[in-house]
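Chemist: I need the structure of the sequence given here:
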Amino acid sequence: MEDRIIKTEYSDLMQKSFIDYAMSVIVARALPDVRDGLKPVQRRTLYDMYELGIRYDRPYRKSARIVGDTMGKYHPHGDSSIYDALVVMSQDFKKGLPLVDGHGNFGNIEGDGAAAMRYTEARLQKVTQETFLADLDKDVVDFGPNFDETEKEPLVLPVKIPNILINGSEGIAVGMVTSIPPHNFGEVIDAAKAYMLDENITTRELMRYIKGPDFPTGGMVCNKDELLEIYETGQGKLRIRGKIEVEKAKGGKTNIVITEIPYTMIGANITKFLQDIAALAETKKTNDIVDITNQSSKEGIRIVIELRRDADIENFKNLLLKKTRLEDTFGVNMLAIADGKPETMGLKELLKHYVAFQYETATRKYSNLLQKELERKEIQEGLIKACNVIDLIIEVLRGSKDRAMAKACLVEGITDGIKFKFKESRIMAQQLQFTEPQANAILEMRLYKLIGLEIDALMKEHEDTVANIFRYEDILARKDSMAQVIINELDGYKKEYARARRTVIDNAEQVVFTEKKPEEMDVYFLMDRFGYSKTIDTAAYERNKEAVETENSYVILCKNTGKICLFTNIGQLHTVKLSDLPFGKFRDKGIPIDNVSNYDSSKEDILCVTSQADLNLYRILFTTKQAMMKVVSGGEFDVAKRTVAATKLNDGDEVKSVALLVEQRNIVLQSHEGYFLRFPIEEIPEKKKGAVGVRGMKLGTNDYLEEVYYTQNAQEQSIEYKGKSIELNKLKLGSRDSKGVKIRLS
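Modeler: The predicted model follows:
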């Protein structure tokens, strides 16, 4: 047993295992192959459909059947990944060239998912069958064993078009990501032909054919001048923008109509876009919006924004582009598997790999065809020769005892045991020199082949075979002949499948939107005990003063152009622009303060809420659970960041109280064990916000600060402590950093 135990360093084993896992994800799952532009799950799904005979001219088959067969034979990684791949390959709003013909609910551009696989059906598209799978029977690509070595699967599909550019690809691997935008079918074909005719062509020259990405959703690429660098390096950022049209509406109003969206907006982001537009109206970023309707259908995108009569159209369009995802960024990283390893490639490198693959598959294809034509020629010549001596061959066959005897005579001229009518026939039979394939063909030949017309057809077939052999040998011997064959095929595909460009390529200046500054006015900030916040005007406050004070935890008078500051128990200060909060009626529902700030109600508690203006006027007193105290000038918290550290805390400590020092004179600290300490606030030194502070009260070993109270001179204030009323101003006045007095309850 001891001999079978292998001792190894744990870190070495982990490193090796992780590298193996990472490479498996990179090569075998997440990244496309540069040759066919497909990820393994896509390749296996298409091949399985081909094997099942689910062709474009045959009936649809249930998606569940396709998924189950693919998973059982080739892709043992779960049915959801296979079905998701099948769905995406059928969606014309995601793929410039859909590879699967889906029947049923395969989702839509607005993010609704496809129906379950048991309901939908699918079959191959015609283009997929003709350009992805057509030559699989001609030994043009290598096959390898599947996961359990019971089936063979192609390591790459013999794709005849530059699919990696036409459909693009997106995937996340371990430590790397690929993001290749889709391109126009016809433009990519033209660029591939140009590269084949001149391998020294530059990227700039290739871009005379490929103007830029062509997204299925249309829209516009706004940074045309940056495309050359992106295509040379394979990396960069595209600025993409939706299409905005202006329509006149009834009553002199104007409608802004979105007819095309950025590629990054497809799915749930359309709903997010509508929400963002609504938020612009709710937060008073604009007062121009009257109504928003989504009139999109199968015919295309149509989002209508109705504006008021005197709206500034250009300014509103700029607002949409600046504040919503109507203008977005598409990160390009043209990463793919080349020669078995991941590589980031520019446009020319991608075409180089594609063309090399075309030459490789064409060489294998025509070598295979040539071999078959040579075999066919050999048999045809044998049959033609046999027709010339058909009487002798019939005599051999009639005189032979079995097939082996007749075959030996035809191939080697052995006549022993064969009965001939004439001596001359034996001598002539001994001179027959057919090859073994010719002899087999003669022995299997049917009598109707001896009809004159059949012999003429055989002669014509032989001529065609000789012509094919000459053509195939020429293609294999001369690179320009092979290139012309490939180019002719590409021209045919372009003629049948190319479509007009959808995406406009141009230069557009960065959108400049100047927000109209709201007229400064006094408002009341309201926040209830659930954290829902809003602002109301002073008139609404005066009309509902009693209800406002009763129903809200915080009511603060401030300017609508200012900020609200939230101090929390973990020592953080969160700021919120009042302009980000809804302004309206008292009974209008607010929004959670979490939504407009970095405050997380599940992890921290609010201790103090104040306006930035008040904060600048006063000093702030911090008291922690471990009785550390300090006073900080409020001006230190006038910051631009949404969240900053308000104070420094010791390990295990938290803030117990944050108070603006206005009229307070004394502070009372109450510990968990019942000690009370009252002393003047002046004894607490002023520190910077990054300081821990000084000790305010001596605590026992397991004791901690439980409550903090503030008092004013000559003003009575009482609290109830464990059923006993305590007058805070009558407590003995002590000094900071003392233990205080213990309250006796009996």
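
Chemist: from now on I want contacts and neighbour counts done on CA atoms only, so please keep to that.
Modeler: Will do.

Chemist: residue 86 and residue 98 touch, don't they?
Modeler: No: using CA atoms under 8 Å, residue 86 is not in contact with residue 98, being 10.2 Å away.

Chemist: count of residues packed around residue 699?
Modeler: 20 (other CA atoms under 10 Å).

Chemist: neighbour-wise, which of residue 86 and residue 98 wins?
Modeler: residue 86 (25 against 20).

Chemist: for the more buried one, helix, strand, or coil?
Modeler: helix (DSSP: H, G, I helix; E, B strand; the rest coil).

Chemist: which residues touch it?
Modeler: By CA atoms under 8 Å, 6 or more residues apart in numbering, the contact set of residue 86 is 42, 45, 100.

Chemist: ok, 10 Å please
Modeler: 41-42, 45-46, 63, 66-67, 80, 99-102, 106, 117, 122 (CA atoms under 10 Å, 6 or more residues apart in numbering).

Chemist: over to residue 647?
Modeler: Residues near residue 647 by CA under 10 Å, 6+ apart: 567, 570-573, 622, 624, 630, 632, 654-655, 688-693.

Chemist: what about it, which helix or strand?
Modeler: Using DSSP states H and E, residue 647 sits in no helix or strand.

Chemist: what do you get for residue 535?
Modeler: Going by DSSP H and E, residue 535 is part of strand 532-537.

Chemist: okay, buried residues for the helix or strand following that strand please.
Modeler: Sequence order places helix 538-543 as the next helix or strand after strand 532-537, per DSSP H and E. Judged by neighbour count using 16 or more other CA atoms under 10 Å, the buried positions of helix 538-543 are 540-541.

Chemist: again with stretch 199-210
Modeler: For stretch 199-210, by 16+ other CA under 10 Å, it's 203-204, 206-207, 209-210.

Chemist: what's the neighbour count on residue 11?
Modeler: Neighbours around residue 11, by other CA under 10 Å: 9.

Chemist: show me what contacts it?
Modeler: residue 17.

Chemist: name the SS class of it, please.
Modeler: Secondary structure state of residue 11, per three-state DSSP, is helix.

Chemist: and the strand holding residue 535, what does it pack against?
Modeler: For strand 532-537, the packing partners by 3 or more CA pairs under 10 Å, 6 or more residues apart in numbering; DSSP states H and E come out as strand 522-527, strand 554-559, strand 591-592.

Chemist: wait, which of those is closest to residue 404?
Modeler: Of all the helices and strands packed on strand 532-537, strand 591-592 sits nearest to residue 404, with 94.3 Å by CA to CA.

Chemist: contacts for that closest one?
Modeler: With CA under 10 Å, 6+ apart as the test, strand 591-592 has contacts from 527-528, 530-534, 580-582, 601.

Chemist: so which of the residues you listed wins on neighbours?
Modeler: residue 534 (26 neighbours).

Chemist: returning to that earlier point: quick one: which of the contacts of residue 86 sit in strands?
Modeler: Secondary structure defined by DSSP state E assigns 100-102, 122 of the contacts of residue 86 to strands.

Chemist: of those, closest to residue 341?
Modeler: residue 100 (28.2 Å).

Chemist: give me the buried subset of the contacts of residue 86.
Modeler: Buried among those by 16+ other CA under 10 Å: 41-42, 45-46, 63, 66-67, 99-102, 106, 117, 122.

Chemist: reformat the residues you listed as JSON lines; add pLDDT and distance to residue 439.
Modeler: Putting the buried ones among the contacts of residue 86 into JSON lines (pLDDT from 0 to 100; distance: CA to CA, whole Å) gives the following:
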{"residue": "41", "pLDDT": "94", "distance to residue 439": "48"}
{"residue": "42", "pLDDT": "95", "distance to residue 439": "47"}
{"residue": "45", "pLDDT": "96", "distance to residue 439": "44"}
{"residue": "46", "pLDDT": "96", "distance to residue 439": "42"}
{"residue": "63", "pLDDT": "96", "distance to residue 439": "50"}
{"residue": "66", "pLDDT": "96", "distance to residue 439": "45"}
{"residue": "67", "pLDDT": "96", "distance to residue 439": "48"}
{"residue": "99", "pLDDT": "96", "distance to residue 439": "47"}
{"residue": "100", "pLDDT": "96", "distance to residue 439": "47"}
{"residue": "101", "pLDDT": "96", "distance to residue 439": "48"}
{"residue": "102", "pLDDT": "95", "distance to residue 439": "51"}
{"residue": "106", "pLDDT": "95", "distance to residue 439": "57"}
{"residue": "117", "pLDDT": "96", "distance to residue 439": "55"}
{"residue": "122", "pLDDT": "97", "distance to residue 439": "48"}
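
Chemist: got TSV for those, with distance to residue 244 too?
Modeler: Conversion of the buried ones among the contacts of residue 86 to TSV gives the following (distance: CA to CA, whole Å):
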residue	distance to residue 244
41	38
42	35
45	39
46	38
63	38
66	41
67	41
99	30
100	32
101	31
102	31
106	28
117	37
122	35
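
Chemist: closest to residue 285 among these?
Modeler: residue 106 (37.7 Å).

Chemist: what about the closest one, distance to residue 90?
Modeler: Separation of residue 106 from residue 90 (CA to CA, to the nearest Å) stands at 8 Å.
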